[in-house]
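Participant: mind folding the following:
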Amino acid sequence: MKAIWNDKVIAESDDTKVVENNHYFPQDSIKKEFFSKTDHHTNCPWKGVASYYTLEVDGDKNENAAWYYPEPKDAAKEIEDHVAFWKGVQVVD
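Facilitator: Next up, the predicted model:
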């Protein structure tokens, strides 16, 4: 699977986890030069507290377009150390 934004591959992996129709990419598969942590957080009743990244590609920013669960609840342990995308990021195989 590949995550693409602004015509750049920002993550690529053969080992994504699919939860609620979102592909979660292993942390080591993201191209870190495009990611910066934000102070934004949301809460999921069964996964826990999500943290977010802003993407920056060729000077364009996509605020809070990637999320991850640094300390997921037990029901979501499989996505620990994984990142998912939204806000116009294409996930393709």
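Participant: which residue ranges of this structure form strands?
Facilitator: 2-5, 8-12, 17-19, 22-26, 35-44, 48-57, 60-68, 82-85, 90-92 (DSSP state E).
Participant: export these as TSV, with columns for mean neighbour count and distance to residue 75.
Facilitator: Where C-beta positions appear, they are placed from N, C-alpha and C, glycine not excepted. Formatted as TSV, the strands of the chain follow (neighbours: other Cβ atoms under 10 Å; distance: least, Cβ to Cβ, whole Å):
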stretch	mean neighbour count	distance to residue 75
strand 2-5	20	24
strand 8-12	19	24
strand 17-19	15	10
strand 22-26	21	14
strand 35-44	12	10
strand 48-57	18	9
strand 60-68	18	16
strand 82-85	25	14
strand 90-92	13	23
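Participant: got a markdown table for those, with mean pLDDT too?
Facilitator: Below are the strands of the chain laid out as a markdown table (pLDDT from 0 to 100):
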| stretch | mean pLDDT |
| --- | --- |
| strand 2-5 | 98 |
| strand 8-12 | 98 |
| strand 17-19 | 97 |
| strand 22-26 | 98 |
| strand 35-44 | 98 |
| strand 48-57 | 98 |
| strand 60-68 | 98 |
| strand 82-85 | 98 |
| strand 90-92 | 98 |
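Participant: quick one, which of those strands is nearest to residue 74?
Facilitator: strand 48-57 (9.3 Å; Cβ to Cβ).
Participant: that closest one - contacts with which helices or strands?
Facilitator: strand 8-12, strand 35-44, strand 60-68 (3 or more Cβ pairs under 8 Å, 6 or more residues apart in numbering; DSSP states H and E).
Participant: quick one: strands adjacent to it?
Facilitator: strand 35-44 (antiparallel), strand 60-68 (antiparallel) (DSSP bridges).
Participant: for the residue nearest to residue 30 when sequence neighbours are not counted, give me its contacts.
Facilitator: Nearest non-adjacent residue to residue 30, counting by Cβ to Cβ, 6 or more residues apart in numbering: residue 11, 4.4 Å away. Residues in contact with residue 11 (Cβ atoms under 8 Å, 6 or more residues apart in numbering) are 2, 3, 25, 29, 30, 31, 83, 85.
Participant: understood, closing this out.
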